[in-house]
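S.K.: with the input below, show me the fold.
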Amino acid sequence: MTMSGFDTLLPRPVSAETAPGACPWPVPVEVRTADLPAEGYRLHIRPDGVTLEAADAAGECYGRQTLRQLAGPDAFRAASIHNGPVELPCGTITDYPRFAWRGCLYDVARHFRTKAEVLRFVDLLAAHKLNVLHLHLTDDQGWRIETPEFPRLTSVGGWRKSSMVGRHDGPERDGRPHGGYYPVDDLREIVAYAATRAVTVVPEVDLPGHARAAITAYPELGPASETPWEVWTSWGISTSLLDPSESTLDFFRAVFDHVLDIFPSPVIALGGDEVPGVTEAHHRFVRAIADHLVARGRTPMGWDEVLDGGDLPKMVIGVWQDRERASLAAKGGHEAVLCPEDGVYLDHRQSDHPDEPVPVGYRQDLEHFYAFEPESGPHVRGVQAQLWSEHLDTVRRTDYAAFPRLSAFAEVAWSSGPRDYAEFLPRLRDHHLPRLDALGVEYRPLDGPRPWQTRPDAPGRPR
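M.R.: Next up, the predicted model:
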């Protein structure tokens, strides 16, 4: 971001009455098109009004979000509690993003999130100028997308009888059924709602692993030797794989045609990760689905394991294991979205504190997220944080895991140039955390969890 003539000491009053509009907290501004980089905007704030120059509709949304930030934390409340005009500092701001893909994966397969909760998360992404919601809709533990041609995917695959609490190797489960799925119209609503906030919803149907819920619904999709099936109640990597037969391919071609009808996203994710005992037949299966998506005019996205299969159409590769695989993706003619497990996994533990709830994975605290430095280049489409939900069984737990680390990630994804954590921290503490408070986000306090945010009942597995 570049600023000129920005007078923060003598703010001038500018009317900010609420008016209808697609973007949150619209102010009466004169909007013009401008020759700026994609998603860019320029704000001119004067004593007599505001002019917003935008490269495109997304740029207009981001300019309005910046006005909202300048207006103070109360501008983030659901209804105005402010009397009189809002004071904005006069000056000029020119701003545009570093990466075209600024995403967050939201895992609704392991723990289902209601439509209202997903819409709320879209709002939080938009408030941070993130523009991709990677919606992980299927896994071993649940199938979350209504598929009328195959109703058992939700009536059977959408529910499990119990869940592991925390992360352990024992048989203990909570004994509480868990499930849910999104009707087609709800998904269309989520897509439309996100689009008005400059957020693209990228759906993921995972295969040929992470497919036990689908196999439970339709056992013919899996190996006959492993019956009877049930939707998995564990976390981790299941050895239950799809049978890479032509009939299974036909089944999933039909599933993806249904997905394409709901989601207009140019990119559609097919998974391809963590396939124990992977064979050439499984690689052919992934390539066949990828080719099917290309034939339908979309770009497939897969996790970086798909590179091991070779002979792929042009894809977007989610680089999560080894950052060097971004170069391997480039050699294959693919674009990379950088989402390394040791860098931007929001489900991983935030400290070594004994009260840290469900401490799994690598320690990735706020400073770690802010220090994430992705490589740049023509083959890197962008970056993405990962919010896997095995240990996030409520929205309160999701808030705790995501924020304020996702706020730090958003600055990395948007802003170029050197970063200084010592400079970032007071801006976060004094200005941005009050915005999260106004939004009702139960983020992790900077000095550790509150008593009700601990989970002494749920063991972890730190690395």
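S.K.: residue 271 reaches residue 214, doesn't it?
M.R.: No: counting by Cβ atoms under 8 Å, residue 271 sits too far from residue 214 to count as a contact (11.5 Å). To be clear about C-beta, it is placed using only N, CA and C from the backbone, and glycine gets the same treatment.
S.K.: show me the domain layout of the protein.
M.R.: Annotated domains of the chain cover 2-95, 101-415+436-455 [automatic domain parsing].
S.K.: ok, back up a step: more neighbours: which of residue 271 and residue 214?
M.R.: Higher neighbour count among residue 271 and residue 214: residue 214, with 32 against 25, using other Cβ atoms under 10 Å.
S.K.: count the residues that sit near residue 137.
M.R.: Residue 137, neighbours per other Cβ under 10 Å, totals 22.
S.K.: and the pLDDT for it?
M.R.: Per-residue confidence (pLDDT) for residue 137: 98.
S.K.: where's residue 308 relative to residue 302, distance?
M.R.: Distance of residue 308 to residue 302, given as Cβ to Cβ, to the nearest Å: 11 Å.
S.K.: which one of the two has more residues nearby?
M.R.: Shown here are residue 308 and residue 302; by other Cβ under 10 Å, residue 302 has more neighbours (27 against 13).
S.K.: surely residue 54 and residue 37 touch.
M.R.: No: under the criterion of Cβ under 8 Å, residue 54 is not in contact with residue 37, lying 11.1 Å apart.
S.K.: and these two? Which one has more around it.
M.R.: Shown here are residue 54 and residue 37; by other Cβ under 10 Å, residue 54 has more neighbours (22 against 14).
S.K.: contact partners for that one?
M.R.: Each residue near residue 54 by Cβ atoms under 8 Å, 6 or more residues apart in numbering is listed here: 31-34, 36, 40-42, 60, 63.
S.K.: are any of the residues you listed buried, and which?
M.R.: Listed as buried from those are 34, 36, 40-42, 60, 63; burial here means 16 or more other Cβ atoms under 10 Å.
S.K.: just give me the closest of these to residue 72.
M.R.: Taking Cβ to Cβ as the measure, residue 72 sits nearest to residue 63 out of the buried ones among the contacts of residue 54, at 17.1 Å.
S.K.: ok, that closest one to residue 41 distance?
M.R.: 4 Å.
S.K.: shared neighbours of these two, anything?
M.R.: For the pair residue 63 and residue 41, residues contacting each of them under the criterion Cβ under 8 Å, 6+ apart are 52, 54, 95.
S.K.: which of the residues you listed fall in strands?
M.R.: 52, 54, 95 (DSSP state E).
S.K.: give the bridge partners for the first one, please.
M.R.: The residues listed as beta-bridge partners of residue 52 by DSSP bridges are residue 31, residue 43.
S.K.: I'd like the distance between it and residue 192.
M.R.: On the measure of Cβ to Cβ, residue 52 and residue 192 end up 23 Å apart.
S.K.: beta partners of the residue nearest to residue 205 when sequence neighbours are not counted?
M.R.: The shortest distance from residue 205 to any non-neighbouring residue, by Cβ to Cβ, 6 or more residues apart in numbering, is to residue 138 (5.0 Å). Counting by DSSP bridges, residue 138 is bridged to residue 143.
S.K.: what of residue 268?
M.R.: Going by DSSP bridges, residue 268 forms beta bridges with residue 300.
S.K.: contacting residues for it?
M.R.: For residue 268, the contact set (Cβ under 8 Å, 6+ apart) comprises 202-203, 256, 259-260, 293, 298-301.
S.K.: tell me the one of the residues you listed nearest residue 162?
M.R.: Of all the contacts of residue 268, residue 162 sits closest to residue 203, with 27.0 Å by Cβ to Cβ.
S.K.: just checking, that closest one touches residue 264?
M.R.: No: under the criterion of Cβ under 8 Å, residue 203 is not in contact with residue 264, lying 10.5 Å apart.
S.K.: the two: which is more packed in?
M.R.: Neighbour tally, residue 203 and residue 264, criterion other Cβ under 10 Å: the higher count belongs to residue 203, 26 against 13.
S.K.: ok but the more buried one is inside a strand, no?
M.R.: Yes: under DSSP: H, G, I helix; E, B strand; the rest coil, residue 203 falls within a strand.
S.K.: can you show me the helices along the protein?
M.R.: Per DSSP state H, the chain carries helices over the ranges 57-70, 115-127, 152-155, 184-195, 212-217, 246-262, 280-295, 325-331, 366-371, 395-402, 405-414, 421-427, 433-439.
S.K.: how about those helices, which one is nearest residue 377?
M.R.: Using Cβ to Cβ, those put helix 325-331 closest to residue 377, at 7.4 Å.
S.K.: who touches that closest one?
M.R.: Counting by Cβ under 8 Å, 6+ apart, 304, 307, 317, 319, 335-336, 338, 375, 377, 379-380 sit against helix 325-331.
S.K.: what does stretch 386-396 give?
M.R.: Residues contacting stretch 386-396 (Cβ under 8 Å, 6+ apart): 104-111, 113, 117, 120, 136, 163-164, 166-167, 235, 320, 339, 341, 344-347, 357-358, 360, 397-398, 401-402, 442, 453, 458, 460.
S.K.: please repeat the previous calculation with a cut-off of 7 Å.
M.R.: 104-107, 110-111, 117, 166-167, 235, 339, 344-347, 358, 360, 398, 401-402, 442, 458 (Cβ atoms under 7 Å, 6 or more residues apart in numbering).
S.K.: just the buried members of those?
M.R.: 104-107, 110-111, 166-167, 235, 339, 344-347, 358, 360, 398, 401-402, 442, 458.
S.K.: in the stretch 151-300 of the chain, where is pLDDT below threshold?
M.R.: 226 (pLDDT under 70).
S.K.: any idea how far the nearest residue to residue 402 once chain neighbours are set aside lies from residue 407?
M.R.: Spatial nearest neighbour of residue 402, excluding adjacent residues (Cβ to Cβ, 6+ apart): residue 346 at 5.3 Å. Here residue 346 is placed at a distance of 11 Å from residue 407 (Cβ to Cβ).
S.K.: and residue 64, by the same measure?
M.R.: Distance from residue 64 to residue 407, by Cβ to Cβ: 19 Å.
S.K.: count of residues packed around the spatially closest residue to residue 288 that is not a sequence neighbour?
M.R.: In space, and not counting its chain neighbours, residue 288 is closest to residue 249: 5.5 Å by Cβ to Cβ, 6+ apart. Residue 249 sits with 18 neighbouring residues when counted by other Cβ under 10 Å.
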